[in-house]
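Trainee: Here is my input; please provide its structure:
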Amino acid sequence: MPKFDHHPTVQQWRKREADGSPPSPVRPIEAEGLRQLCLEAGADDVGFVEIDRPELADQRPQILTAFPPTQTLISFVCRMNRENVRSPARSVANVEFHSAGDEVNHIARRIVAALEQQGIRGLNPAMGFPMEMGRFPGKIWLVSHKPIAVAAGLGQMGIHRNVIHPKFGNFILLGTILIDAPVTTHQQPIDYNPCLECRLCVSVCPVGAIGSDGHFDFSACYTHNYREFMGGFTDWVETIVTSSSKGDYRQRVTAAESASQWQSLSYGANYKAAYCMAVCPAGEDVIGPFLTQRKAFLQDVVKPLQEKVEPIYVVPGSDAAAHVTRRFPHKQIRSVGNSLQVSSIQGFLQGMPLTFQRQQAKGLDATYHFTFIGAEPCQATIVIRDQTLQVETGHVGRANLKITADSRVWLKFLTRDYPIVGAILRRQIRLQGPLRLLLAFGRCFPR
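Mentor: Alright, predicted model coming up:
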């Protein structure tokens with residue numbers, strides 16, 4: 001007999017197997033019992049989604065890569081304390097965000113541990129951070145909690161891109177657990193959107209990221225609200241290393257900003273705004289004061305955030321910069337670099353809708369044919385018309401400007417490590433068409 005068969009652990013397992021224990025878990029899992037387990041672990045609401053649900057098609061490969069035996073996703077919410085989130089003191093709001101986030105992770109861990117005792121395998125990705133930073137600036141999260149929560153009937157996305165629970169409003173954080181077993185009952189999306197479309201989130205967003213027509217400027221939100229996360233942090237580090245002296249650094253970064261970075265490094269990265277969440281009156285438990293005492297609600301909740309004097313981080317030449325000047329002249333504009341970095345041509349093309357500045361595209365009607373050569377050869381067509389952006393693979397239609405570029409040189413140009421004039425003179429970037437269209441293109445994607 002091989003030596004392996006004499007190992008005590010192997011012998012013990014085979015003895016238990018011969019005795020008929022441990023029993024195989026009951027499959028499928030009875031939904032009501034699983035729901036009760038989640039609620040007892042601390043969740044405030046829960047729903048179940050099968051892995052084959054069409055709504056999850058775009059992230060199914062990533063889910064199965066993270067946990068190959070996944071058959072069901074458990075989605076749950078935890079309530080946050082509303083008044084903390086609404087406070088103009090962001091230290092108070094950030095304590096709430098961090099505390100509730102930790103609670104979500106602890107609850108998910110307790111549920112997975114309880115299921116493991118029943119012979120059911122499960123995996124709980126982080127509520128937020130940590131994420132897979134080795135993939136940065138690509139997709140760094142394992143699952144997208146919001147569409148899973150919507151599929152599980154826990155709410156719908158509001159105009160501000162947060163999930164609004166029908167009872168708790170948007171004062172929730174989301175958790176997801178992947179398990180290797182089917183469940184007897186699954187939930188479906190709720191048949192109405194709790195979002196009231198009151199536009200309070202539009203009125204209070206300091207960078208104008210939320211348009212009254214439903215448009216969302218991702219880069220504006222990311223640049224300001226996430227200033228002390230990933231891209232913004234990297235921009236701050238680059239400011240340090242490119243400062244010529246202590247005095248030069250102090251000219252570029254205030255003492256308060258340096259201290260704020262220290263605080264984020266010590267106690268968890270701090271959000272700069274999240275005002276859209278603070279003022280949202282949607283949800284059965286939330287809407288009362290908005291309906292019955294609207295004037296007081298606006299005075300107590302909305303105005304303090306609008307009137308707060310604070311630094312607002314924007315990319316020069318962006319729609320956000322113009323919005324702050326026009327809408328909140330009392331707030332202090334702080335010009336920073338674009339923190340949405342790209343490291344590949346595919347990343348550049350896929351990320352363009354996130355950085356497109358539609359106000360800068362007024363009057364522009366042009367089709368661009370890009371031909372990238374070198375390390376990442378590919379062709380793409382970009383159409384900017386009526387302040388909208390369209391990106392297609394290959395060359396489509398008739399181009400107003402043709403751009404042929406070495407892919408590595410183009411990426412260095414995007415990261416401001418290589419001047420475009422030098423690249424054109426060296427024919428590393430070649431143009432066929434009016435130069436003014438390249439300049440107009442650049443204004444739509446300020447860096």
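
Trainee: Counting by contacts, list what the helix ranked longest in the chain packs against.
Mentor: Using DSSP state H, we find that the single longest helix of the chain is helix 90-117. Contacts defined by 3 or more Cβ pairs under 8 Å, 6 or more residues apart in numbering; DSSP states H and E place helix 90-117 against helix 31-41, strand 72-79, helix 82-86, strand 122-123, strand 172-179. Where you see a C-beta, it was placed from the backbone N, CA and C, and this is true even at glycine.

Trainee: Ok, which of the ones you listed comes nearest Trp410?
Mentor: strand 172-179 (36.9 Å; Cβ to Cβ).

Trainee: between that closest one and strand 72-79, how big is the angle?
Mentor: 160 degrees (axes from the mean of the first three to the mean of the last three Cα atoms, to 10 degrees).

Trainee: quick one: strand 172-179 to chain centroid distance?
Mentor: 15 Å (Cα atoms, centre = their mean, to the nearest Å).

Trainee: and the angle for the longest helix of the chain with strand 172-179?
Mentor: Using the same axes, to 10 degrees: helix 90-117 against strand 172-179 is 20 degrees.

Trainee: and Ile384, what element?
Mentor: strand 378-385 (DSSP states H and E).

Trainee: which of the residues in stretch 55-64 are buried?
Mentor: Leu56, Gln59, Ile63 (16 or more other Cβ atoms under 10 Å).

Trainee: And the pLDDT for the first one?
Mentor: If I follow you right, that is Leu56. pLDDT, Leu56: 95.

Trainee: same question, the last one
Mentor: What the model reports as pLDDT for Ile63 is 97.

Trainee: Please tell me I have it right and Met315 contacts Gly337.
Mentor: You called it Met, but residue 315 is Val. Yes - the pair formed by Val315 and Gly337 meets the contact definition of Cβ atoms under 8 Å, at 7.0 Å.

Trainee: And these two? Which one has more around it.
Mentor: Neighbours per residue, other Cβ atoms under 10 Å: of Val315 and Gly337, the larger number sits with Val315, 23 against 20.

Trainee: Contacts only, for that one.
Mentor: Ser219, Thr223, Ala321, Ser335, Val336, Gly337, Asn338, Pro446, Arg447 (Cβ atoms under 8 Å, 6 or more residues apart in numbering).

Trainee: In this structure, mark out all the strands, start to finish.
Mentor: Along the chain, counting by DSSP state E, strands occupy 45-50, 72-79, 122-123, 156-157, 163-164, 172-179, 311-314, 332-335, 366-373, 378-385, 388-393, 401-406, 429-432.

Trainee: still on that earlier bit, any chance of the contacts of Val315 in TSV with distance to Gln432 and pLDDT as columns?
Mentor: Listed next are these as TSV, based on distance: Cβ to Cβ, whole Å; pLDDT from 0 to 100:
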residue	distance to Gln432	pLDDT
Ser219	29	95
Thr223	33	96
Ala321	32	97
Ser335	34	95
Val336	34	94
Gly337	30	87
Asn338	27	81
Pro446	25	91
Arg447	24	83
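
Trainee: could I get the strands of the chain as CSV with distance to Ala113 and mean neighbour count?
Mentor: As requested, these are arranged in CSV below (distance: least, Cβ to Cβ, whole Å; neighbours: other Cβ atoms under 10 Å):
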stretch, distance to Ala113, mean neighbour count
strand 45-50, 16, 23
strand 72-79, 14, 25
strand 122-123, 9, 20
strand 156-157, 31, 18
strand 163-164, 26, 26
strand 172-179, 11, 26
strand 311-314, 41, 23
strand 332-335, 45, 14
strand 366-373, 49, 20
strand 378-385, 46, 18
strand 388-393, 45, 14
strand 401-406, 52, 19
strand 429-432, 56, 15
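
Trainee: Tell me how many other residues surround Pro353.
Mentor: 13.

Trainee: Please name the bridge partners of the residue nearest to it when sequence neighbours are not counted.
Mentor: Nearest residue to Pro353, sequence neighbours excluded (Cβ to Cβ, 6 or more residues apart in numbering): Leu389, at 5.9 Å. Counting by DSSP bridges, Leu389 is bridged to Ile384.

Trainee: hang on, Leu389 packs against Gly351?
Mentor: No - counting by Cβ under 8 Å, no contact exists between Leu389 and Gly351, whose distance comes to 11.4 Å.
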